[in-house]
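Visitor: Compute the structure for the input listed below.
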Amino acid sequence: LTIDSGDSGATGAVEIASNISTAGNDLSITAATITADSGVIINTQASGADSGAISLTGRNITLGSGSNLDAAASDTSHNAGDVTLNVDDEGHRVFDLPVDYVSKSVGISLEGASIEGGDVSLTATATDLSLPGEVPSWAAGFTSTLSGLFSQIPGAVISGATGIDASVILRGADAGITVDNSSIAAAGDVSIASTTDVQTTVTATALGATNSPQIAVGYAQATSHVTALVSGTSTITALHNVTVTATGETDATTNAYANANLFSSNSNATGFAVALADTNLTDTAEVDSGATLTATLGNVNVQANGTDKVSTNAATDSARDAKAGVSLGLGFDLATVQSLLNGHITAGGTVSGGSNQDTFNPQQSGTVDQTTGMIYMPDHGLKTGQAVTYTAGDQSLGGTSGSSSAIGGLTSGNTYYVIVVDNDHIQLADK
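Guide: Okay, here's the model as predicted:
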C-alpha cells in the first residue's frame, strides 16, 4: 500500500484517522506532514507469513497518544517488518544572494505511541549547504571560486554606482526527534538520529568605481538546533543495539573587501571593510531519568556531536595613493553540545572472537539437519539473538579443519543470529 502526496514529501498532508491493516504487505506514506491520530493502529502482520515494512517519509511526523505501528512478527517462524520514520529538508545553493534568509525545520514526535518491528529507525535531517560544501574534495576549490564570483556580481554592480556593498545572509536548520511516554520494541536494532548542517558564506566587495568612500560590510549567521530526546516513562527495547544521536554543524564565513582607486585616482580616497560572522549551535542527545533503554544482546549509545566554525576576513586596498583604510573582522560563536544519560540502561553485549568459539562437525551424522536447519552442539551456551560468525573449514562454528565448504544455506564469513532450540540445538538466521 502506497500513499504519496507527491514532490518527495515536500508538500501535502496525510492524517491517519482510522486503523490500517495490510495483511503482510508493505505500507509507505509520503507527505510533508504525517499525523497518526490518537488510538490509531497500523498493522502489517499476516498469519503464517512475514510482516510487511512500514515507511513514513516527510518533513514532520506525529504519532498521537495510543497510536501503534505494528510490524512485529506474527510468530517465531516468521520475520518482523522494519519500521522507518524519516524526515528530511535539504537546501542546495549554487550561489548566494546579497540579502537572504532561509530556515529549515524537520521533526518526529511520538506522544504516548508505540512501535514494534524488526529494525526501527527514526531519522531527522535538516541541511542548508552551498555547492562547494557538497562536491568532491577535488572540485571544491573550483566550485568555491565560481560560486564566490557569482555571489559578488550584484554587489559589484551596486558598489560601482554608490561605492557601498552590503550583504547580510541568515541561515538556520532545526532537526528534532522526541520520544515521550512511548514504547519501541525491535527484533533488531533501534536507531534514533537527528542531524543538521548549516553553511553560510557572505562576500561584500566595494570596487572603488567612484571617488566616494568605499564601504564593504558583510554579516553571516548560521544557527542550528538539533535534538534527540527520550523522555517521560518511555521504554526502548532492542534485541541488538540501541543508538540515540544528535549531530550538528554550523559554519559561518564572511569576506569584506574595500578597493579604493581601482578605476580612479584620488589621493584622499578612503576604504572601510567590516566582516561579521556569527554561529549558534545547540546539540542535545538526552535520555531522561524515567526512561528505560534495553539492548538485550547489544550496546546502548547516546551521543551528541557538534562542529562549530567561524571565519572572517576584512581588508582594504588601493591601486594608487590613498588617504586611509580601516578594516574590522569579528567572529562570534556559541555552541552547547550535551549528551545526557539519566535513564535506566541495560546492555547485554555480544560474544565474538577470542576464545568464544563453539564448534560442530557437519560431516558427522545427525549434526546438521538440512530440512529444518537445526545444528547439534551439546551444551552450546548460546543465546537467542546472539551474533555469531560462521566460518567453514576450521573449528569456529564451521565444522572440522577437514571441511572447507560451507553447509547449505550458509556463507562462510557471514554474521548470523542464533535461534536457541534447546540446550543442545540451535538454528542460524540472517536477521
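Visitor: Please make it C-alpha for all contacts and neighbour counts, starting now.
Guide: Fine.
Visitor: Show which residue of the protein lies farthest from the average position.
Guide: In terms of distance from the mean C-alpha position of the chain, Ser267 ranks first, at 56.1 Å (CA atoms, centre = their mean).
Visitor: ok, and the closest non-adjacent residue to Ile375?
Guide: Val368 (4.7 Å; CA to CA, 6 or more residues apart in numbering).
Visitor: could you pull out the strands for the stretch 151-300 of the chain?
Guide: For the stretch 151-300 of the chain, applying DSSP state E, counting those that start in this stretch gives strands covering 164-180, 183-186, 190-206, 214-231, 235-238, 242-260, 270-287, 292-295, 300-318.
Visitor: Could you check the angle the last one makes with strand 190-206?
Guide: So that's strand 300-318. 0 degrees (axes from the mean of the first three to the mean of the last three CA atoms, to 10 degrees).
Visitor: and the next element down the chain from strand 300-318?
Guide: Downstream of strand 300-318, the first helix or strand assigned by DSSP states H and E is strand 324-341.
Visitor: Could you pull up the mean pLDDT of the helix or strand just after that following strand?
Guide: With elements assigned by DSSP H and E, the helix or strand that comes after strand 324-341 is strand 344-347. What strand 344-347 shows for mean pLDDT is 86.
Visitor: Mind listing residues that contact strand 344-347?
Guide: 289-300 (CA atoms under 8 Å, 6 or more residues apart in numbering).
Visitor: run the last query once more with 10 Å
Guide: Contacts to strand 344-347, defined as CA atoms under 10 Å, 6 or more residues apart in numbering, come from residues 235-242, 287-301.
Visitor: Which of the residues you listed are buried? Put it as a ChimeraX command.
Guide: In ChimeraX, a selection of the buried entries from the contacts of strand 344-347 looks like this (16 or more other CA atoms under 10 Å):
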select :235,236,237,238,239,240,241,242,287,288,289,291,292,293,294,295,296,297,298,299,300,301
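Visitor: Dump the strands of the stretch 151-300 of the chain to a markdown table, plus distance to Ser105.
Guide: Listed next are the strands of the stretch 151-300 of the chain as a markdown table, based on distance: least, CA to CA, whole Å:
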| stretch | distance to Ser105 |
| --- | --- |
| strand 164-180 | 5 |
| strand 183-186 | 24 |
| strand 190-206 | 9 |
| strand 214-231 | 9 |
| strand 235-238 | 26 |
| strand 242-260 | 13 |
| strand 270-287 | 14 |
| strand 292-295 | 27 |
| strand 300-318 | 18 |
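Visitor: quick one, which of those is nearest to Ala124?
Guide: Set against Ala124 and scored by CA to CA, these come closest in strand 190-206, at 4.7 Å.
Visitor: Who is the residue most central in space within the chain paired with across the strands?
Guide: Taking CA atoms, centre = their mean, the centroid of the chain lies closest to Thr195, which sits 4.3 Å from it. In this entry, Thr195 is beta-bridged to Thr125, Thr247, by DSSP bridges.
Visitor: Name the residues that touch the helix or strand harbouring Gln427?
Guide: In the assignment (DSSP H and E), Gln427 maps to strand 425-429. For strand 425-429, the external contacting residues (CA under 10 Å, 6+ apart) are 367-369, 372-380, 382-388, 390, 409-410, 415-421.
Visitor: which of these are buried?
Guide: Those of those that meet the buried threshold are 367-368, 374-377, 380, 382-388, 390, 410, 415-420, by 16+ other CA under 10 Å.
Visitor: Filter those down to the ones in strands?
Guide: Counting by DSSP state E, the part of those found in strands is 368, 374-376, 387-388, 415-420.
Visitor: was I right about Ala71 contacting Gly52?
Guide: Yes. Between Ala71 and Gly52 there is a contact under CA atoms under 10 Å: 6.3 Å.
Visitor: who has more neighbours, those two?
Guide: Using other CA atoms under 10 Å, the more surrounded residue of Ala71 and Gly52 is Ala71, with 31 against 26.
Visitor: What distance do you get for that one to Val83?
Guide: Distance of Ala71 to Val83, given as CA to CA, to the nearest Å: 7 Å.
Visitor: shared neighbours, these two?
Guide: With CA under 10 Å, 6+ apart as the test, Ala71 and Val83 both reach 26-27, 52-54, 115-120, 186.
Visitor: Met374 contacts Gly409, correct?
Guide: No. Between Met374 and Gly409 there is no contact under CA under 10 Å: 11.6 Å.
Visitor: My guess is Asn60 contacts Leu122. True?
Guide: No. Judged on CA under 10 Å, Asn60 makes no contact with Leu122 at a distance of 11.7 Å.
Visitor: of those two, who's got more company?
Guide: Per other CA under 10 Å, whichever of Asn60 and Leu122 has more neighbours is Asn60, with 27 against 23.
Visitor: ok, that one - contacts?
Guide: Here Asn60 is in contact with 9, 13, 31-35, 85-89, 105-109, 124, 175-177 (criterion: CA under 10 Å, 6+ apart).
Visitor: Identify the contacts common to Ala71 and Gly52.
Guide: Shared contacts of Ala71 and Gly52 (CA under 10 Å, 6+ apart): 24, 26-27, 43-46, 79-83, 117.
Visitor: hmm, which helix or strand of this protein has the shakiest average pLDDT?
Guide: Least confident helix or strand of the chain, by mean pLDDT, DSSP states H and E, is helix 137-162 with a mean of 51.
Visitor: rewinding a little: so can I have a markdown table of the shared contacts of Ala71 and Val83 showing distance to Leu129?
Guide: Below are these laid out as a markdown table (distance: CA to CA, whole Å):
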| residue | distance to Leu129 |
| --- | --- |
| Asp26 | 34 |
| Leu27 | 32 |
| Gly52 | 36 |
| Ala53 | 32 |
| Ile54 | 30 |
| Ile115 | 33 |
| Glu116 | 35 |
| Gly117 | 34 |
| Gly118 | 34 |
| Asp119 | 30 |
| Val120 | 28 |
| Ala186 | 34 |
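Visitor: Same list, these, but as TSV with distance to Ile20 and pLDDT please.
Guide: Listed next are the shared contacts of Ala71 and Val83 as TSV, based on distance: CA to CA, whole Å; pLDDT from 0 to 100:
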residue	distance to Ile20	pLDDT
Asp26	11	95
Leu27	9	96
Gly52	12	95
Ala53	13	96
Ile54	11	97
Ile115	14	97
Glu116	15	97
Gly117	16	96
Gly118	19	94
Asp119	20	95
Val120	19	97
Ala186	20	95
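Visitor: May I ask which of those has the most neighbours?
Guide: Neighbour count (other CA under 10 Å) singles out Gly117 as the most crowded of the shared contacts of Ala71 and Val83, with 31 neighbours.
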